[in-house]
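Asker: my questions concern the predicted model and sequence given below.
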There are 2 protein chains.
Amino acid sequence: MNIKDIAQLSGVGVSTVSRVLNNHSDVKLSTREKVLQIIEEYNYIPNNSARVLKQNNTKNIGLLVKGVFNPFFSEMINIIGSKVDSAGYTMILEQNDYNIYQDVDNVISFAKEKKLQGVICLGGNFIDIKDDSFASLNIPIVLTSVNTLSKKGKKTYSSVGIDDVKATYEVTKYLISLGHRDIALILGKDDDIGISWWRLNGYKNALNDSNIPLKDEYILIGEYESRRSYEVTKKLLLKNKNITAIFCLSDIMAIGAAKGIIDSGLKIGKDISLIGFDGMDYSEFYNPAITTVKQPKTLMAETSIKLLLDLIKNSIENQHILLNTELIERESCRRIK
Amino acid sequence: MNIKDIAQLSGVGVSTVSRVLNNHSDVKLSTREKVLQIIEEYNYIPNNSARVLKQNNTKNIGLLVKGVFNPFFSEMINIIGSKVDSAGYTMILEQNDYNIYQDVDNVISFAKEKKLQGVICLGGNFIDIKDDSFASLNIPIVLTSVNTLSKKGKKTYSSVGIDDVKATYEVTKYLISLGHRDIALILGKDDDIGISWWRLNGYKNALNDSNIPLKDEYILIGEYESRRSYEVTKKLLLKNKNITAIFCLSDIMAIGAAKGIIDSGLKIGKDISLIGFDGMDYSEFYNPAITTVKQPKTLMAETSIKLLLDLIKNSIENQHILLNTELIERESCRRIK
C-alpha cells in the first residue's frame, strides 16, 4: 500500500493525496475527507521520514523550543501552530533539551534534516552568534525570547523579544517611587547569562539613577523554583531587617517568596512589597494577588510568525523587534512612609 | 562529507561514529570526544531522517506525550529521559497535540516511522482500545496515566497509572470523616471521559456509602483552569450556603477555587475546606497551603521505563500497574461541628 494506491482508491491524483498528507489548505474539504477516509480504511501509514527526504518544497515551518515544559511557552506554541496552519504550512515542533550540540547547531541541523522553509526558535542560548553562524542556511530564522549578548550576524536572522533592561529598570523605579530603597532582587540562575544579566543591569541602573547604593547581599538566586525562592527569602528577611521590597524575575519564584514573607511573620503589601515577572495565572490567583510584569506572550507569538511568513514570501530585510512589557498592579505592593 | 569521512578522520570505524551519533553508552569517553571534535571541526550534520530509514536496529525508544505543556508531565519526561540514556538507548520525544489521528493510530505511526524498539505514552485518549488495536506492532507499549475505559487488548500492551476511583473515594471519605456532608466537586472537562468519569465515580461511591444524597448542583466543570474554577466557585458559594467543602480534581483549579472562596468573604479552612489533586508546588506555597492528593510522579516515571526495558530485554508478559496516591494534609481543611 503506497501513495499511488491511495490516490487510485480515492479517485484523485498523487499530488492531491500528498497535499492532504501535508495538511495544505488548497484541497477541497470533500476531497480531503474522501482521501482521509481511504487512508483510515486501509490503515495506510505515510512514511514521513521518506517523504521529507524526497521533497524539495516541503512547506514545513520548524519550531524549535528550549525548555518545552516551560508554561510560558505553551500558549505561544498554540498561537504559532494555528497561524502556521491557516497559512497553508505544516508546523514541525522539536524540543532541544536533550541535545548535546549548541543551539546554533541545533537550528542548522533541524532546518536541514526537515528541509524547512523557515524556523522560529522559542528560547535557547544564542550567546555566541557570529557573522557567519547561519551562513550555511538560506532560509529565514526568527529567534524569539532567546538569550543573546552578541551584536554580530544581525543581518542573517530576525529576533522578537522584550527589552529586559527597560522592564526591570521600570519596575525598580516604580518601587523607588513608592518609597522603597532596600529592594532585594531574586534572579533565576547564576549561569543564566543573557536574560538574567540584562535584567540585573536594569535593576542596577535604576538604583544608580536614584543614588541608592547597590548591596550585594540583596541579590539572590532562586533557581526558577518556588522552594528555592522560599528558602532564600526566609534567610534574607532574617538577616536584613531593612528590606521593604522583593522583586522576583519569575512568578513561580514570587509565589515561593510570598510564602517566605508570610512564614517570616510579615505581611505581603504591608511590611514587604512583592513583584513577580511573566504574568502567569498563579500570581493573579494568589492570596493576596501579586503585582507582576506581564510579558506580551500573545503579541510575541503573533509577531514572530507574521515576521517569518513575511520573510518567506516577500524576502524583506531581517528585523529585530522589542515589545513592551506591562506592569500589572495588584495587592502586593504599597507606598511606604 | 559523510559518516565514512568522519570515521577516517577520527581514526575509528564507521560503527563507532554511528554509536557516538546515536548516543550509545558503549563508546570510550576519549573516543567519543575525538569523534565529536571532528564532527564539530568539519561542521558535519548527521542526516537523522536518512539514518533512521537505513537502520534495522535503531535502539530508539519513543515517548509520545499528550498535552506536552502539562507541568505534571515535565518532571516525568526528565526522569524517563535519563533512564533511557543510561540504558544505552536514544529517546525520541514526540507530542501529539496537533495530530488529526486518534491516539492508537498515533502510537502506530510513530513507532513505524521512527523504527522504535519500544514506546511509552504519557497521557492520551485510548478509550477505544480493541483486541487487535496494536496487532500491527511487535514492540512493547506502555501507556502511562492515559484515559481508558476499555477492558480489551490488555495482553497487547502494559499500563501504569493510579487508581482514580480509589483516590477520589478516599478524599471524599476523609472530608466526610471531618464532618462534611455538603461537598462540591470541580471536575476538569465535560467530555474528558476516562479520568474524570472514574474520579466522579469515586466521589459518588463515597457519598453513597455514607448515605449522603448526591446533589447535581454540587458537581461543576473547571476546565483545568484557575479562572474558570474561580468563577464557578463564586457562583456555587453564592447559591449554596450549605457548602462546607470543595474538592478540585487538579491543583491549578484548586488555586482558582481558593481565590473564589476568599472573594466570597469566606475563610479557607474555617468556613470552607479545600482539597486539590496532583501535588504541584503552587498548592504547597499557596496562602494558606492547600491539602492535595499527591500523584507518585517519580515512581510512575521510573516504573514505566523499567517495565518497558524489561519488556524489551526479557520478553516478560504485559503488566497493568496501579500506584498509590497520598493525601498531603495542609492548612486548608478543618473538622466541623
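Answerer: That came through, no problem. These numbers were taken from a predicted model, which means no experiment stands behind them.

Asker: quick one: the helices in the stretch 1-150 of chain A, in order.
Answerer: Counting by DSSP state H, counting those that start in this stretch, the segments of the stretch 1-150 of chain A that form helices are A:3-10, A:14-21, A:29-41, A:48-54, A:71-86, A:103-113.

Asker: highest mean neighbour count out of these?
Answerer: Comparing those by mean neighbour count (mean count of other Cβ atoms under 10 Å in any protein chain shown), helix A:103-113 ranks first with a mean of 21. (Glycine included, C-beta is placed from N, CA and C.)

Asker: do it and chain B meet at all?
Answerer: Yes: contact of helix A:103-113 with chain B (Cβ under 8 Å from any Cβ of the partner chain) involves A:I108, A:S109, A:K112, A:E113.

Asker: what domains does the record give for chain A?
Answerer: A:1-46, A:53-162+A:299-323, A:164-295 (automatic domain parsing).

Asker: closest one to B:A184 among those domains?
Answerer: domain A:164-295 (17.8 Å; Cβ to Cβ).

Asker: neighbours around A:E329, how many?
Answerer: A:E329 is flanked by 12 other residues according to other Cβ atoms under 10 Å in any protein chain shown.

Asker: for it, what are its contacts?
Answerer: A:T291 (Cβ atoms under 8 Å, 6 or more residues apart in numbering or on different chains).

Asker: if we use 10 Å, what do you get?
Answerer: Contact analysis of A:E329 by Cβ atoms under 10 Å, 6 or more residues apart in numbering or on different chains lists A:Y174, A:I275, A:A289, A:T291, A:T292.

Asker: just give me the neighbour total for A:D251.
Answerer: 26.

Asker: which residues are in contact with it?
Answerer: A:71-72, A:226, A:275-284, A:286, A:290, A:292-294, B:282.

Asker: next one: A:P288
Answerer: A:258, A:267-270, A:274, A:330-333, B:259, B:262, B:287.

Asker: and the stretch 201-337 of chain A, which of its residues are near chain B?
Answerer: Selection of the stretch 201-337 of chain A residues close to chain B by Cβ under 10 Å from any Cβ of the partner chain yields A:225-227, A:229-230, A:251-252, A:254-263, A:268, A:280-289.

Asker: buried among the residues you listed? Make that a ChimeraX selection.
Answerer: In ChimeraX, this line selects whichever of those come out buried by 16 or more other Cβ atoms under 10 Å in any protein chain shown:
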select /A:226,227,229,230,251,252,254,255,256,257,258,259,260,261,262,268,280,281,282,283,284,285,286,287,288,289
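
Asker: among the residues of the stretch 201-337 of chain A next to chain B, which lie within strands?
Answerer: Within these, no residue falls in strands by DSSP state E.

Asker: which parts of stretch A:198-211 are buried?
Answerer: Those would be A:W198, A:R199, A:L200, A:G202, A:Y203, A:K204, A:N205, A:A206, A:L207, for stretch A:198-211 by 16+ other Cβ under 10 Å.

Asker: and A:L237, helix, strand or coil?
Answerer: Three-state call for A:L237 (DSSP: H, G, I helix; E, B strand; the rest coil): helix.

Asker: is it in contact with A:L266, as I believe?
Answerer: Yes: contact criterion Cβ atoms under 10 Å: A:L237 and A:L266 qualify, at 6.7 Å.

Asker: any residues in contact with both of these two?
Answerer: Contacts common to A:L237 and A:L266, judged by Cβ under 10 Å, 6+ apart, are A:I243, A:G260, A:I272.

Asker: not counting its neighbours along the chain, what's nearest A:K155?
Answerer: Leaving out its chain neighbours, the residue that sits closest to A:K155 by Cβ to Cβ, 6 or more residues apart in numbering or on different chains is A:N318, at 5.8 Å.

Asker: residues in contact with the one you found?
Answerer: A:P140, A:I141, A:V142, A:G153, A:K154, A:K155, A:T156, A:Y157, A:S158, A:S159, A:L307, A:L311.

Asker: so which of the helices of the stretch 1-150 of chain A comes closest to B:F134?
Answerer: helix A:29-41 (16.5 Å).

Asker: could you pull out the strands for the stretch 151-300 of chain A?
Answerer: A:158-162, A:183-187, A:219-221, A:245-248, A:273-278, A:291-294 (DSSP state E, counting those that start in this stretch).

Asker: now those as a markdown table including mean neighbour count and mean pLDDT?
Answerer: Compiled in a markdown table, these are given as follows (neighbours: other Cβ atoms under 10 Å in any protein chain shown; pLDDT from 0 to 100):
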| stretch | mean neighbour count | mean pLDDT |
| --- | --- | --- |
| strand A:158-162 | 23 | 94 |
| strand A:183-187 | 24 | 96 |
| strand A:219-221 | 17 | 95 |
| strand A:245-248 | 29 | 98 |
| strand A:273-278 | 27 | 96 |
| strand A:291-294 | 23 | 96 |
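
Asker: could you single out the nearest of the contacts of A:E329 to chain B?
Answerer: A:A289 (7.9 Å; Cβ to the nearest Cβ).

Asker: so that closest one versus B:V293, what's the distance?
Answerer: Distance check for A:A289 against B:V293: by Cβ to Cβ, to the nearest Å, it reads 26 Å.

Asker: A:R199 too?
Answerer: The value you get for A:R199 to B:V293, if Cβ to Cβ is used, is 37 Å.

Asker: for A:S74, same thing?
Answerer: In terms of Cβ to Cβ, A:S74 sits 24 Å off from B:V293.

Asker: so which of A:L237 and A:L266 has more stuff around it?
Answerer: A:L237 (21 against 14).

Asker: contacting residues for the more buried one?
Answerer: A:A184, A:I243, A:I246, A:A257, A:G260, A:I261, A:D263, A:S264, A:G265, A:L266, A:D271, A:I272.
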